[in-house]
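Engineer: Curious how this folds, go ahead:
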Amino acid sequence: MSKAGRPEAIVRPKAGERAFEVERLEPDAALAEFVDYHWLVRWNVTDPHRQQVVPQPRVHVAAEDGRLFVHGVSREPFFRTLTGAGHVLGAAFHPGGFRALLKGSVGAISGTVRTAEDVLGHDDRAAAEQILATSETAEIVPVLDAYLLACEPEPDPTGREATDLVNEAQRRPDIVRAEQLAQLAGLSLRSLQRLFADHVGIGPKWVIQRSRILDATAAAHSGEPVDWSELAAELGFSDQAHLTRAFTQVVGTSPATYRRDPGTAG
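Structural biologist: Sure thing, here's the model as predicted:
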C-alpha cells in the first residue's frame, strides 16, 4: 500500500474534514524499513467532535497528553473526542515493522495502550513535551524520529516478509481466506499464523477481513452508487447479509445506511 496508508479508515470523513486536518509525512530514511509514515492531526473546534477510526494491522506511537503512547493492534473500535485546539503527532509502523523496536512478540502488546517508556524502555517525557509544544512539522518530526532511532531497531527480514504479506492481502480483494495467503507465502497455515502473531500482533484471518471491510468503506466514500450484493460477492462474503453483519460490527451501522450519511461522502 502507499505511504498514505488507508485513508478510508477515517469514518465519516466529510464530517471529519470540518473538524480537523491530517498531514502524512515521511519518516527519517533510517526508519523507513520500520515506519510507514508519520501522521499529524491538527484541530480547532468550537463544539466537541467525536471521531471514529477503523483499526488496522499496524502499531502506532503517538504524542498526546504529555507522553508518547504505544497503541498495539486492537480489535475494538477506536474513538477520540477532539475539544478546543490541539494536535497529535504519531508514527504509523509497517505491519511487520514494530518488532524491530520491541525486540519481542508484537502480540504481547495487542489491545493495549501503554507509554513508550513502559514498552520500549526509553523515557519519552522530554520528546513528548517538545512535540506537543508546537505543531510545526519541521520542529517536531525530527524529535519523534530521534526517539524511535534511540530504540536501535535492526533490519528484520522476517518483519519485511510479514509487511509484504499484509500489503498483498490489502491490495488484492480476491484474497478472502487465510489459506490463500499461506499458499502465496509458501507457508503452512499454522506457520503463517505464528508469523502474524509474532510480527503483526494479530492473525491473518482478521487482517484479511479487515482489508475487505476497508474496501467496503472505500466504496461508500466514493460517492458513487454501490450494489452491495455485488460488492459482497466480490469481497468474498457469502451474501449481502454477511457483509452487513461484518461491516456493522466494525463501523457501527450497515453499509447502506453509512453510505447515505451526509458525513460519509459528498
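Engineer: what residues are up against the most centrally placed residue in the chain?
Structural biologist: The chain has residue 56 as the residue nearest its centroid, 3.7 Å off, counting by C-alpha atoms, centre = their mean. Residues near residue 56 by C-beta atoms under 8 Å, 6 or more residues apart in numbering: 5, 6, 9, 73, 210, 214. All C-beta spots, glycine's among them, are computed from the backbone N, C-alpha and C.
Engineer: so which helix or strand takes in it?
Structural biologist: Using DSSP states H and E, residue 56 sits in no helix or strand.
Engineer: ok, longest helix in this protein?
Structural biologist: helix 204-221 (DSSP state H).
Engineer: For that one, which helices and strands make contact with it?
Structural biologist: Other helices and strands packing on helix 204-221, by 3 or more C-beta pairs under 8 Å, 6 or more residues apart in numbering; DSSP states H and E, are helix 157-171, helix 178-185, helix 189-199, helix 240-251, helix 255-260.
Engineer: okay if I get the ones you listed as a markdown table plus distance to residue 63, mean neighbour count and mean pLDDT?
Structural biologist: Listed next are those as a markdown table, based on distance: least, C-beta to C-beta, whole Å; neighbours: other C-beta atoms under 10 Å; pLDDT from 0 to 100:
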| stretch | distance to residue 63 | mean neighbour count | mean pLDDT |
| --- | --- | --- | --- |
| helix 157-171 | 24 | 19 | 97 |
| helix 178-185 | 34 | 18 | 97 |
| helix 189-199 | 25 | 18 | 98 |
| helix 240-251 | 27 | 17 | 96 |
| helix 255-260 | 31 | 18 | 95 |
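Engineer: For residue 111, which of those is the nearest?
Structural biologist: Nearest to residue 111, of all the helices and strands packed on helix 204-221, is helix 189-199, at 12.9 Å by C-beta to C-beta.
Engineer: re the thing from before, export the contacts of residue 56 as a markdown table, with columns for distance to residue 65, neighbour count and pLDDT.
Structural biologist: Formatted as a markdown table, these follow (distance: C-beta to C-beta, whole Å; neighbours: other C-beta atoms under 10 Å; pLDDT from 0 to 100):
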| residue | distance to residue 65 | neighbour count | pLDDT |
| --- | --- | --- | --- |
| 5 | 23 | 18 | 73 |
| 6 | 26 | 18 | 85 |
| 9 | 22 | 18 | 94 |
| 73 | 21 | 25 | 98 |
| 210 | 27 | 24 | 96 |
| 214 | 28 | 18 | 96 |
